[in-house]
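Colleague: need coordinates for the following:
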Amino acid sequence: MSGYKHLIELVHRSTDPNSHVWTDIYSEATIITMVTGTCLVLIMCFGLAYLYSGLARRKSALHMIFAVFLVLVISIFQWYFWGYSLAFSSTATNKFIGNLHNFGYMNVNEALELGPQESKYPELAFANFQGMFASITICILIGAICERGRILPIIPFTFIWLTLVYCPVACWVWNSNGWAYKWGVLDYAGGGPVEILSGFSGFVMSYFLGKRRKHLMVNFRPHNVSMITIGTTMLWFGWLGFNGLTCVIPSLKSVYAIMNTNLCAAFGGFTWVLLDYFRTYHWSTVGLCSGIICGLVAATPSSGCIPLWASVILGIVSGAVCNFSTIIKVWLRVDDSLDVLAEHGMAGVIGLFFNAIFGSATVLGYDGYTEHEGGWIDHNWKQMYKQIAYIFAVIGYCMAVTALICYVINKIPCLQLRAREEAEENGMDEDQIGEFVYDYVEIRRNFFDVNGFETPASNFNDDRESMLEKQVPLKTLPQESGHAIPETSDSKASGTIHVGSQDSIKQSVSNNHNSSTSS
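Modeller: Modelled structure (predicted):
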């Protein structure tokens with residue numbers, strides 16, 4: 001009853017011109033901006049799940065979707081538990097990491113303010129928005145487990161990594177007490193905390209997981225390019241909120257950041273696909289999507305810092321450099337299966353480097369409250385060494401701590417990072433999830449089980465041409481079994497059949513027709 005009276009009182013106060021309700025304290029436009037940004041960044045996580053699933057092989061497609069969703073829910077809990085406090089607590093006494101002032105979202109009902117008085121907003125809205133940045137970071141990183149990583153170890157890994165790696169680095173550059181923030185490092189939307197951390201940490205995790213089996217890599221290709229394009233579309237759409245709404249308050253800077261993001265993505269995608277065309281003389285859809293993502297990543301630290309014309313240069317440079325950076329994993333013999341280092345880590349480095357050269361005090365001030373000397377185009381020559389020092393600090397810290405986390409977790413019984421060889425043969429969907437993206441995969445397994453083949457369906461290469469050439473021994477079946485595949489003269493002689501070959505299919509259909517006619 002008391003709650004009902006409180007509601008009536010609140011409604012009465014909201015209609016009383018002499019009363020002061022939340023609309024008198026907070027800016028409605030600023031709240032809407034952050035709520036919208038939260039939703040758009042969340043969409044990016046779903047797009048990433050589609051992208052990773054499409055890039056994987058058919059028998060591990062659901063494994064990647066599940067992994068992204070799992071780390072998403074864990075990251076939301078970690079951010080609520082103490083992640084936000086460790087990254088953004090305003091009462092921290094050091095420049096490295098926050099304290100537990102906001103543990104469990106305590107003390108987040110205060111009004112924060114950026115710029116003019118009418119731009120106040122609730123800290124809870126800011127906490128939710130920043131929580132999605134932590135979520136997308138770990139979702140990007142987890143692509144390292146593609147086709148060989150177990151699910152169970154990534155549960156503690158996610159919580160520990162966000163606590164020991166993401167939160168400190170976010171505090172460095174985004175907390176007003178952080179050393180990089182005080183030093184004047186330019187990192188608009190997360191070139192360090194999001195892109196470098198996910199790219200280089202994912203590379204370290206790939207190293208600990210080891211290479212996939214060589215015989216499983218024959219004729220490897222993404223299993224569903226349509227899912228890749230859908231995932232890229234969702235990422236691009238969400239990235240406009242990721243970059244455009246990072247300045248928190250609605251302003252010209254939001255519009256500028258969105259335009260910079262689109263320019264960088266467009267030129268990055270075009271550059272990558274051109275390089276692929278000159279190499280193979282084919283237009284690659286996967287290459288176009290990869291270049292777009294590189295452009296989006298490069299725009300993350302710079303979209304709110306550099307002029308529009310500089311984004312054109314940034315898109316071209318990021319598309320080219322990231323394309324050639326895919327060779328790094330070959331040089332270092334690390335199976336970075338989804339090119340997380342090349343597309344996220346390297347693109348993040350390029351974007352931060354561009355801030356030192358093309359950072360503009362004018363663009364930085366478009367939000368109405370940021371004051372900065374800019375980069376080289378504003379004759380602020382010292383910005384270069386600040387950006388370089390920040391880049392190396394983030395890379396060194398994240399790689400060292402991630403390696404330590406992987407090493408410790410991998411030594412714990414039942415938490416080994418890598419799946420068994422048999423599991424890799426069968427596919428992560430069957431071994432780790434027990435469900436499949438496509439029903440016909442289950443039907444194919446049941447077909448071979450019911451018909452008595454000695455070689456399980458999971459041992460077949462997913463490549464169609466390889467399947468047509470695969471020879472499978474026949475098991476001797478009782479004469480009365482109605483499920484046996486009719487033998488041909490070739491199969492009687494050799495004891496094998498060619499799965500999917502036209503001769504065996506025609507013979508099977510013919511024999512089935514004759515048997516049904518005679519009966």
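
Colleague: show the model's pLDDT score for the residue positioned nearest the centre of the chain.
Modeller: Here the mean C-alpha position of the chain is nearest to the C-alpha of Ile140 (C-alpha atoms, centre = their mean), at a distance of 2.5 Å. At Ile140, the model reports a pLDDT of 97.

Colleague: and it, what element?
Modeller: Here Ile140 sits within helix 123-141, counting by DSSP states H and E.

Colleague: so which elements touch that helix?
Modeller: helix 28-55, helix 61-78, helix 84-88, strand 111-112, helix 154-161, helix 167-174, helix 197-209 (3 or more C-beta pairs under 8 Å, 6 or more residues apart in numbering; DSSP states H and E). For the C-beta atoms, the positions are set from N, CA and C on the backbone; glycine is no exception.

Colleague: and Val334, which of the ones you listed is closest to it?
Modeller: helix 197-209 (4.9 Å; C-beta to C-beta).

Colleague: report the backbone C-alpha coordinates of the next helix or strand after the closest one in PDB.
Modeller: Counting by DSSP H and E, the next helix or strand C-terminal to helix 197-209 is helix 225-244. C-alpha atoms of helix 225-244 as PDB (Å, rounded to 0.1, in the frame of the first residue of the first chain):
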ATOM      1  CA  VAL A 225      29.600 -16.700 -45.700                       C
ATOM      2  CA  SER A 226      26.000 -15.500 -45.200                       C
ATOM      3  CA  MET A 227      26.400 -15.600 -41.500                       C
ATOM      4  CA  ILE A 228      29.700 -13.600 -41.900                       C
ATOM      5  CA  THR A 229      27.900 -10.900 -43.800                       C
ATOM      6  CA  ILE A 230      25.000 -10.800 -41.200                       C
ATOM      7  CA  GLY A 231      27.500 -10.600 -38.400                       C
ATOM      8  CA  THR A 232      29.400  -7.800 -40.100                       C
ATOM      9  CA  THR A 233      26.200  -5.900 -40.700                       C
ATOM     10  CA  MET A 234      25.200  -6.100 -37.000                       C
ATOM     11  CA  LEU A 235      28.700  -5.100 -36.000                       C
ATOM     12  CA  TRP A 236      28.800  -2.000 -38.300                       C
ATOM     13  CA  PHE A 237      25.300  -1.000 -37.100                       C
ATOM     14  CA  GLY A 238      26.200  -1.300 -33.400                       C
ATOM     15  CA  TRP A 239      29.600   0.300 -33.900                       C
ATOM     16  CA  LEU A 240      28.000   3.600 -34.800                       C
ATOM     17  CA  GLY A 241      26.600   3.600 -31.300                       C
ATOM     18  CA  PHE A 242      29.800   2.300 -29.900                       C
ATOM     19  CA  ASN A 243      31.800   5.200 -31.300                       C
ATOM     20  CA  GLY A 244      29.200   7.800 -31.900                       C
END
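
Colleague: so which bits of the helix or strand following helix 225-244 are buried?
Modeller: Helices and strands here follow DSSP H and E; after helix 225-244, the next one along the chain is helix 252-280. By neighbour count on 16 or more other C-beta atoms under 10 Å, the buried set for helix 252-280 is 253-254, 256-258, 260-276.

Colleague: and helix 252-280 with helix 28-55, angle?
Modeller: 10 degrees (axes from the mean of the first three to the mean of the last three C-alpha atoms, to 10 degrees).

Colleague: now do the contacts for Ala403.
Modeller: By C-beta atoms under 8 Å, 6 or more residues apart in numbering, the contact list for Ala403 reads Val204, Phe208.

Colleague: is it in a helix, a strand, or coil?
Modeller: Here Ala403 is helix, with the state taken from DSSP: H, G, I helix; E, B strand; the rest coil.

Colleague: for this protein, which spans come out with low pLDDT?
Modeller: In the predicted model of the chain, residues 1-24, 111, 113-119, 214-220, 439-519 satisfy pLDDT under 70.

Colleague: how much space between the residue nearest to the centre of the chain and Phe103?
Modeller: 27 Å (C-beta to C-beta, to the nearest Å).

Colleague: how close does the residue nearest to the centre of the chain get to Leu274?
Modeller: 25 Å.

Colleague: for Phe69, same thing?
Modeller: Here Phe69 is placed at a distance of 35 Å from Leu274 (C-beta to C-beta).

Colleague: same question, Trp376
Modeller: 28 Å.

Colleague: kindly report the same for Phe157.
Modeller: For Phe157, the distance to Leu274 equals 38 Å [C-beta to C-beta].

Colleague: Ser176 too?
Modeller: For Ser176 relative to Leu274 (C-beta to C-beta), the value is 43 Å.

Colleague: again, but for Val165
Modeller: Val165 is 36 Å from Leu274, where distance means C-beta to C-beta.

Colleague: next: Gly149.
Modeller: Using C-beta to C-beta, we find Gly149 at a distance of 34 Å from Leu274.

Colleague: ranges for the strands of the stretch 251-400 of the chain?
Modeller: With DSSP state E, counting those that start in this stretch as the definition, the stretch 251-400 of the chain shows no strands.

Colleague: how many neighbours does Phe96 have?
Modeller: 13 (other C-beta atoms under 10 Å).

Colleague: tell me how many other residues crowd the closest residue to it other than its chain neighbours.
Modeller: Among residues not flanking Phe96 along the chain, Pro168 sits closest, at 5.9 Å (C-beta to C-beta, 6 or more residues apart in numbering). Number of residues near Pro168 (other C-beta under 10 Å) recorded here: 21.

Colleague: Pro168 contacts Asn94, correct?
Modeller: No: counting by C-beta atoms under 8 Å, Pro168 does not reach Asn94; the two are 10.2 Å apart.

Colleague: can you give the domain ranges for the protein?
Modeller: Using automatic domain parsing, the domain parsing of the chain gives 22-421, 439-518.

Colleague: give the contact list for Cys414.
Modeller: By C-beta under 8 Å, 6+ apart, the contact set of Cys414 is Leu152.

Colleague: for it, helix, strand, or coil?
Modeller: Classified using three-state DSSP, Cys414 is coil.

Colleague: any idea how far it lies from Trp82?
Modeller: Cys414 is 26 Å from Trp82, by C-beta to C-beta.

Colleague: count the neighbours of Phe208 for me.
Modeller: Neighbours around Phe208, by other C-beta under 10 Å: 18.

Colleague: nearest spatial neighbour of it, chain-adjacent residues omitted?
Modeller: With C-beta to C-beta, 6+ apart, the residue lying closest to Phe208 is Cys406, at 4.2 Å.

Colleague: does the one you found touch Leu417 like I think?
Modeller: Yes: at 6.5 Å, Cys406 and Leu417 qualify as touching, with contact defined as C-beta under 8 Å.

Colleague: quote the end-to-end distance of stretch 355-372.
Modeller: This stretch, stretch 355-372, spans 12 Å end to end (C-alpha to C-alpha, to the nearest Å).
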